[in-house]
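S.K.: just to be clear, the model below is a prediction. Sequence and coordinates:
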Amino acid sequence: MSRNTPSFALGQRWISDAEVELGLGTILQCDPRSVTLLFLSSGETRVYATSSAPLTRVMFSEGDQITHQDGWTLKVEDTKEVDGLFIYLGENSLGEWIELPETQIDAAMQLQGPREKLMTGQLDRNNEFYLRALSRQAQTRLAQDPLRGLRGPRVGLIPHQLYIAHEVGRRLAPRVLLADEVGLGKTIEAGLILHQQLITGRAQRALILVPGSLCHQWLVELLRRFGLPVTLVDADRAAATEAPFADAQIALVSRHWLLGTPAALEQAAQESWDLLIVDEAHHLHWSPDAPSAEYQQVAQLAQQIPGLLLLTATPEQAGQAGFFAQLHLLDPARYPDFEQFQQEEEGYRASAEAIQRLADQQPLSSTERADLETRLAADSLALLALLEHPETSDAQRDSARQQLIEQLLDRYGTGRVLFRNRRASVGGFPERLLHAYPYEAPEGYQQLLSQYDQPHKQMMAEALSGQAWPYAGLYPERLYAVQQRDAAPWWEIDPRVTCVLELLAQYPDDKLLVICAHADTVLELSEALRRQSGVLAAVFHEDMPLIERDRAAAWFADEEDGAPLLICSEIGSEGRNFQFAHHLVLFDLPAHPDLLEQRIGRLDRIGQSQTIHLHVPYLSGTPQEAWFAWCHQGLDQFSAPRPVGASLFADFQDELQTWLESPLFGAPDDDDLLQRVEAARVAAEIELEAGRHRLLELASHRPAVSQELVTALDDQEMDQALRHYLEIALDVYRVHNEDLDSHTWYLKPGRESDTGIFHDVHFDLEEGNSGTFLRSKALARDDLHFLTWEHPLTRNCLDAATTTSQGNAAVALLKNPALPAGTLLIEAFYCLEAPKTEGLERYLPPQSVRFLLDAQGNDLAAKVGFKGLSRQLFRLKKGMARDLVKLRLDLIRQLLDQADQLALARLPTEIETAQTRMRAVLDPEVARLEALSQLDPHLARGELDWLHQQRQQLDQALNHALLRLDAVRVIVASGPAD
Ligand SMILES: Nc1ncnc2c1ncn2[C@@H]1O[C@H](COP(=O)(O)OP(=O)(O)OP(=O)(O)O)[C@@H](O)[C@H]1O
């Protein structure tokens, strides 16, 4: 389309230079003195003096697309002029040759493309063009950034977490078990993975199931650290809304509520989610004959939802079967059968040794090689051959070795689905100090417990306490409370109450976390403390409403006026963050080793800065004494996590029964039990260390990789490109910006500001907010925004600058003494676009291509950079700019056509790059599933077919990609200054 100024005639189409927003006008009346135009789309009429009418004739050219007033379109191939009116000739969308008189052009036709705007004089400010182009370039760069999704979260750079997040977050529909030891940051890892999946477009929606007691903590972490749009879906919301999940992008739900509320579960299941996250997954009980209802409900969701993250610090709390059940949920093709899984576990040591040898770059022994050959599929054998071939280069060998290790970890271990880091390998955790307080058991307890000496009486104890005998004997206060209703309350005779009071007196400036197995004990103990010495304790247990639990936790956390102690129940405390406290009082001990580790983990977690004091009061002469000895001397559980605790607990179950009763009914026959348990623990740990742990360690953290991540993320603080970008964006959107220090800005919108860029940003539009580029500062101060390329404000600017037509047509003056006045350049940006197909954006990131043409049509883009050139450019007044375009119209059109040709020639290269990128992601997935299905032809078929289909659809879409003109700038040299 071009612009010309012939004489006026009725029916001609013009636009107003002064009011371009009026759209396409039609001449209604004209005489030698005045001309009248009707702007149909805006319903306005204007009369201008003929001699000075600020009007531009609209004339379309070959290749332009025009819309008829009836809605059909025509691609212009030719134009003729009859009685002063243009008639356009070309093909309509049905391929028919047709004529379209300009009088019939749709008045509402958009003239917002860069060419149309340039030709009709709708010129943007030069800094708007600059922002648009900067945004496109940033989007291209960000889309290919290997750290995408890791930059924005407000988290400390902890290597093992970054490794997992980076490894898993890039996957297509990741399905993994995050099983780091208690308190090492599984919630953070899940948040990082989710953030990456959302930012990269791999996922749009997520459903998060957590224990009710952790809802608030999760909500706070997801908002504060990740700025994610999370919605808490609970009974209140379900009562108030018909479809409580419908507009929740990330729905956070109490697992207990959801799985216990059939209507809500059905509503959740009807939504389409990309990622399911289940925290404390060890609660999903499973056995080969009797999977729990909860397990089956989650399995149903896990089958429907492509991505799945299971979180547990104690994956084996429910034994090997429970562990298998979680792996089966994640990857039924890889873990189809419990028996097969058990057999595989036995072979871990051999696999671990072979993998270790590969990792150490040692040659494999002939037995190891033969063993691998019988077990490996074709793709791995090819890698093995490449590794051993004498002509393989070092780089090829490294890459083959790494791929082979990954395949071995995946196929002969749990490498691909299980991540478990341990304190022992992470390091840097404070010491644990045990303080044991043996007390004489009160007479009342002793008498009571010694009554349970017959099986039928023990059954009564079980019925009363809900706990199997002799474990019921670990909680004498529960039996006493029920059986001795008429006596004084248990807490009047129990010396452990005095112990808590003494500890309070001994550590007046410290916070004490007290954990009891039962909610009733929590309530009664707090009442006892209040009555006996006026101490007000915060309490926290599973029967309290969520809001009260959170209030109690906040009261305990308050440094100024907070409660000196918090009394928690077992279930109530799981997963909570209490690392600001350094004293844990184990009022009783839980009846499972993994629960003990969960308790200690409330304090012994990332962020704990001091030695952790574990206070254990116990009653001599009762099962508590024997159980303490088993945990301390047998398993050595207080000094460090004991991953073999759960299996030894199962192995020694029968002997433990007698052992626990021994203080009541005499010494067991076998009094060297503790030494035997200790020996078994040491042996099992050595075996684990060499076998599964070794495999896990290799798969869960590669320090060389995480170190690179840490360094790169550290470096981003100094990213001048981000600061420059934000400065320009804030200028264009008219937001006031002030330096508070060299890394911190204060942003304040004004009346002129475009506040759309604050959409979904937690920002005070009235008062303004500050933001910092420094991670350490953002971690220390929640009130500061953490400014990164991934902050919602930056993302909104990137969107706003590229999704409207603002900034897509501009004219600028080039002040460069070396160029003669009037030299004209055209700077054109093109975007690669393809038909919308599922998953496309992953392989076809926003790609922008720049051309800079001189008057002879030479492309100078490679020689003259965008930013360098922009620095030499100055704005021109709008009127002058329009005249300039008018004057050089033919040349501009010709150069734009040439740019189109260059873009066309570039297209195949761009498509090929996108295809290569797509294959680099999909092909290894396909190869893995093919290898798995070689081991068992029934496995993975569905997923494999789906991947093949996706690859085909994406190939097709990419083959139809186009380079579309996105923005144009006409540059004219002003010549040497006088
Ligand atoms: N990278 C990090 N930056 C800042 N804080 C962190 C980071 N990682 C973990 N934390 C903090 O450490 C604590 C433990 O993290 P998190 O709750 O994720 O651990 P977890 O492994 O899920 O614990 P649990 O086993 O008890 O469920 C939390 O207070 C968390 O905010």
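M.R.: All right, it came through fine.
S.K.: switch to C-alpha atoms for all contacts and neighbour counts from now on
M.R.: Fine.
S.K.: could you list the low-pLDDT ranges of the stretch 501-650 of the chain?
M.R.: 572 (pLDDT under 70).
S.K.: residues of it that sit close to the ligand?
M.R.: 575-577, 601, 605-607 (CA under 6 Å from any ligand atom).
S.K.: any of those buried? List them.
M.R.: 575-577, 601, 605-606 (16 or more other CA atoms under 10 Å).
S.K.: just those: which are in helices?
M.R.: Of these, none are assigned to helices by DSSP state H.
S.K.: just how off-centre is stretch 240-250 within its chain?
M.R.: 21 Å (CA atoms, centre = their mean, to the nearest Å).
S.K.: buried set for that stretch?
M.R.: 244-245, 248-250.
S.K.: same deal with stretch 640-657?
M.R.: Buried residues in stretch 640-657 (16+ other CA under 10 Å): 641-649, 656.
S.K.: for that stretch, measure first residue to last.
M.R.: 25 Å (CA to CA, to the nearest Å).
S.K.: what does that stretch rub up against?
M.R.: With contact meaning CA atoms under 8 Å, 6 or more residues apart in numbering, stretch 640-657 is reached by 181, 316-317, 319, 432, 470, 592-594, 597, 635-636, 677, 680-681, 684-685.
S.K.: separate out the buried members of the residues you listed.
M.R.: When those are checked for burial by 16+ other CA under 10 Å, the buried set is 181, 316-317, 319, 432, 470, 592-594, 597, 635-636, 677, 680-681, 684-685.
S.K.: might you name the residue of the stretch 851-978 of the chain sitting closest to the ligand?
M.R.: Relative to the ligand, the nearest point of the stretch 851-978 of the chain is V921 (27.5 Å; CA to the nearest ligand atom).
S.K.: and the next helix or strand past the helix or strand harbouring that residue?
M.R.: Using DSSP states H and E, V921 maps to helix 889-935. Sequence-wise, the next helix or strand downstream of helix 889-935 (DSSP H and E) is helix 941-959.
S.K.: after that next one, which helix or strand is next?
M.R.: Taking DSSP H and E, what comes next after helix 941-959 is strand 962-973.
S.K.: report the angle between that next one and helix 889-935.
M.R.: Here the directions of strand 962-973 and helix 889-935 differ by 140 degrees (axes from the mean of the first three to the mean of the last three CA atoms, to 10 degrees).
S.K.: got the contact list for strand 962-973?
M.R.: With contact meaning CA under 8 Å, 6+ apart, strand 962-973 is reached by 113-115, 118, 129, 133, 807-816, 819-834, 885, 892, 900, 903-904, 907.
S.K.: so what are the sheet partners of that strand and their directions?
M.R.: strand 809-814 (parallel), strand 824-833 (antiparallel) (DSSP bridges).
S.K.: between those, which one is nearest to the ligand?
M.R.: Across the strands paired with strand 962-973, closest to the ligand is strand 824-833 (CA to the nearest ligand atom), at 36.8 Å.
S.K.: distance from that closest one to the middle of the chain?
M.R.: 34 Å.
S.K.: stretch 578-595 now?
M.R.: 31 Å.
S.K.: did I read that right, K457 in a strand?
M.R.: No. Under DSSP: H, G, I helix; E, B strand; the rest coil, K457 sits outside any strand and is assigned helix.
S.K.: near the ligand, which residues of the protein show up?
M.R.: Residues of the chain lying near the ligand (CA under 6 Å from any ligand atom): 155-158, 182-188, 313, 575-577, 601, 605-607.
S.K.: try 8 Å this time
M.R.: Contact residues, the chain versus the ligand (CA under 8 Å from any ligand atom): 154-158, 161, 179-189, 221, 279-280, 311-313, 574-579, 598, 601-602, 605-607, 779.
S.K.: quick one: which of the residues you listed sit in helices?
M.R.: Applying DSSP H to the residues of the chain next to the ligand, the entries found in helices are 161, 186-189, 221, 598, 779.
S.K.: follow-up on the earlier one: the helix holding V921 versus helix 941-959: what angle between them?
M.R.: 170 degrees.
S.K.: now helix 889-935: mean pLDDT?
M.R.: On average, the pLDDT along helix 889-935 is 84.
S.K.: mind checking how far that helix is from the chain centre?
M.R.: 27 Å.
S.K.: and if you look at stretch 534-545?
M.R.: From the chain centre to the centre of stretch 534-545 is a distance of 34 Å (CA atoms, centre = their mean).
S.K.: ok, stretch 106-123 next?
M.R.: Centre-to-centre, stretch 106-123 and its host chain are 40 Å apart (CA atoms, centre = their mean).
S.K.: mind putting the buried residues of stretch 640-657 in CSV, secondary structure included?
M.R.: As requested, the buried residues of stretch 640-657 are arranged in CSV below (three-state DSSP):
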residue, secondary structure
P641, coil
R642, coil
P643, coil
V644, coil
G645, helix
A646, helix
S647, helix
L648, helix
F649, helix
L656, helix
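S.K.: between the residues you listed, which is nearest the ligand?
M.R.: P641 (11.8 Å).
S.K.: helix/strand/coil for T56?
M.R.: strand.
S.K.: break this structure down into its domains, please.
M.R.: 2-111, 159-336+414-421, 348-411, 431-629, 713-800, 809-973 (automatic domain parsing).
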